[in-house]
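Based on what follows, work out the 3D shape:
(one chain, ligands or ions: 1)
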Amino acid sequence: MATDSPLIIALDYPSLDQALCMADQLDPTRCRVKVGKELFTRSGPAVLEALHGRGFEVFLDLKFHDIPNTVAGAVEAAAEQGVWMVNVHAAGGGEMMRAAARRLQEKKLATHLIAVTVLTSMTQDVLAGTGVAGALDEQVMRLAALTRQSGLDGVVCSAREAAALKSSLGEAFLKVTPGIRPHFAALNDQERVMTPAKALKEGSTHLVIGRPVTQASDPMAALSAIEAEIA
Ligand SMILES: O=c1ccn([C@@H]2O[C@H](COP(=O)(O)O)[C@@H](O)[C@H]2O)c(=O)[nH]1
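Modelled structure (predicted):
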């Protein structure tokens, strides 16, 4: 079931049952869902089948980062399972990203392929600790430009970088932004955060939201508040 909503709810749960319990409260015409490393490692492709069966478009967030041939194969495997979106790490480089994009083209698979720039949990200091000397926002820009040159559909970045990316790489290039924090939510381990309405205003095309909804005492009330904020 396709939706126009920019909302992607991160189903970060340790079991298939818990993830489906939340999915059963959500409406596939009002949001997409994201399956990440914990849930997929525990439940495998069964979770994708179950979510597709409920009508959801699924972002498989496994952030592949490996040699080009391995990543191309992994992206192909994800797309064959019908996911709406899959991602790789831009830091894997242009060769890796081009191999993945080419594989989807060759196999005529319509899954969106995007790349992670700098994780939203990272600060300037944390980035420097990995050996990247320049400014964090410049690193995001550099990796996003490489992602677009490599033929991908967009990036994962913080909403704080969305406006600059929109002006340099255009509106159609997807800006999928985790680190979304409504005023009522805790920051948790996120550093580069923004509220839902501001993120859309800055140019985010999709908002990834996990704990502000899934860990809320009333998840559906939290989701409704977010929908009202962005309406
Ligand atoms: O840079 C990134 C890339 C991915 N994520 C993922 O998004 C969600 C965010 O969940 P919250 O509970 O809203 O913090 C989570 O699944 C991350 O793995 C990210 O946060 N930042």
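
in what helix or strand does the spatially closest residue to Lys107 that is not a sequence neighbour lie?
The shortest distance from Lys107 to any non-neighbouring residue, by Cβ to Cβ, 6 or more residues apart in numbering, is to Glu76 (5.9 Å). To be clear about C-beta, it is placed using only N, CA and C from the backbone, and glycine gets the same treatment. Glu76 is part of helix 68-80 when elements are defined by DSSP states H and E.

Show me which positions of that helix end up buried.
Within helix 68-80, the residues that count as buried by 16 or more other Cβ atoms under 10 Å are 68, 71-72, 74-76, 78-79.

do stretch 121-135 as well
Counting neighbours by 16+ other Cβ under 10 Å, one finds that the buried residues in stretch 121-135 are 122, 124, 127, 132.

Equivalent analysis for stretch 80-92, please.
Within stretch 80-92, the residues that count as buried by 16+ other Cβ under 10 Å are 82-92.

out of these, which one sits closest to the ligand?
Closest approach between those and the ligand, by Cβ to the nearest ligand atom: Asn87, at 8.3 Å.

now the buried residues of stretch 121-135 as TSV including distance to the ligand?
Formatted as TSV, the buried residues of stretch 121-135 follow (distance: Cβ to the nearest ligand atom, whole Å):
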residue	distance to the ligand
Met122	8
Gln124	15
Leu127	12
Val132	15
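
Can you tell me which of these is closest to Ala228?
Met122 (30.6 Å; Cβ to Cβ).

Distance check, that closest one against Gln149.
Applying Cβ to Cβ, to the nearest Å, the value for Met122 to Gln149 is 23 Å.

got it, and Thr41?
Going from Thr41 to Gln149 by Cβ to Cβ gives 32 Å.

same thing with Ile8?
Distance of Ile8 to Gln149, given as Cβ to Cβ: 25 Å.

Have a look at these two and say which one is more surrounded.
The residue with more neighbours, out of Ile8 and Gln149, is Ile8; 26 against 12, by other Cβ atoms under 10 Å.
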